[in-house]
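Peer 1: turn this into a model:
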Amino acid sequence: MQRCGLSIYIDVEGARHTLALAGELDMATARALKRAGLQACREGAQELVLDLRELAFMDSTGLHTILALREHCGALYLKHEHANIRRVFELTGIADLLGTTPSAV
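Peer 2: Numbering: from 1, shown residues only. Reported below is the predicted structural model:
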């Protein structure tokens with residue numbers, strides 16, 4: 001089975017930092033997301049947006065990493081279009097805890 005890894009694209013607009021993820025967010029790649037998210041917070045991000053529209057797979061490690069970033073960074077928003085990713089948030093009961101992106105994003 002070939003692993004596709006994780007790519008993280010960063011866009012900064014003022015105090016809003018968007019991390020667009022592509023590929024797989026799992027035990028092998030979650031550390032890269034955590035580093036990028038914490039770096040954004042250290043650089044003054046007041047809003048952290050995780051764009052998950054190109055994310056093909058996410059496991060519990062990825063979910064845990066997103067929750068950890070929420071604790072460290074405060075305002076964290078998600079963009080997700082894929083039903084399989086949205087379903088992970090719904091099944092775990094975390095959908096209501098994490099916000100989706102404001103309409104201005």
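Peer 1: quick check: buried residues in stretch 45-56?
Peer 2: Buried residues in stretch 45-56, defined by neighbour count with 16 or more other CB atoms under 10 Å: Ala45, Glu47, Leu48, Val49, Leu50, Asp51, Leu52, Leu55. Every residue, glycine included, has its C-beta placed from N, CA and C.
Peer 1: what ranges does this structure have for its helices?
Peer 2: Residue ranges of the helices in the chain, as given by DSSP state H, are 30-42, 60-73, 83-91.
Peer 1: gap between the last one and the chain center?
Peer 2: The gap between the average C-alpha position of helix 83-91 and the chain average comes to 13 Å, counting by CA atoms, centre = their mean, to the nearest Å.
Peer 1: and it, what does it pack onto?
Peer 2: On a contact count with 3 or more CB pairs under 8 Å, 6 or more residues apart in numbering; DSSP states H and E, helix 83-91 meets strand 47-58.
Peer 1: list of residues touching the strand it packs on?
Peer 2: Under the contact criterion CB atoms under 8 Å, 6 or more residues apart in numbering, strand 47-58 has outside partners 4, 15-26, 37, 40-41, 66, 69, 73-82, 84-85, 88, 101, 105.
Peer 1: and the buried ones among the residues you listed, selectable in PyMOL?
Peer 2: Listed next is the PyMOL selection for buried residues among these, using 16+ other CB under 10 Å:
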select buried, resi 16+17+18+19+20+21+22+23+24+25+26+37+40+41+66+69+73+76+77+78+80+85+88+101
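Peer 1: now, the contacts of strand 47-58 that are in strands?
Peer 2: When the contacts of strand 47-58 are checked against strands (DSSP state E), the matches are 16-25, 76-79.
Peer 1: which one of those is nearest to Thr61?
Peer 2: Nearest to Thr61 among the ones in strands among the contacts of strand 47-58 is Leu25, at 7.8 Å by CB to CB.
Peer 1: would you agree that closest one is in contact with Ser60?
Peer 2: No: using CB atoms under 8 Å, Leu25 is not in contact with Ser60, being 10.4 Å away.
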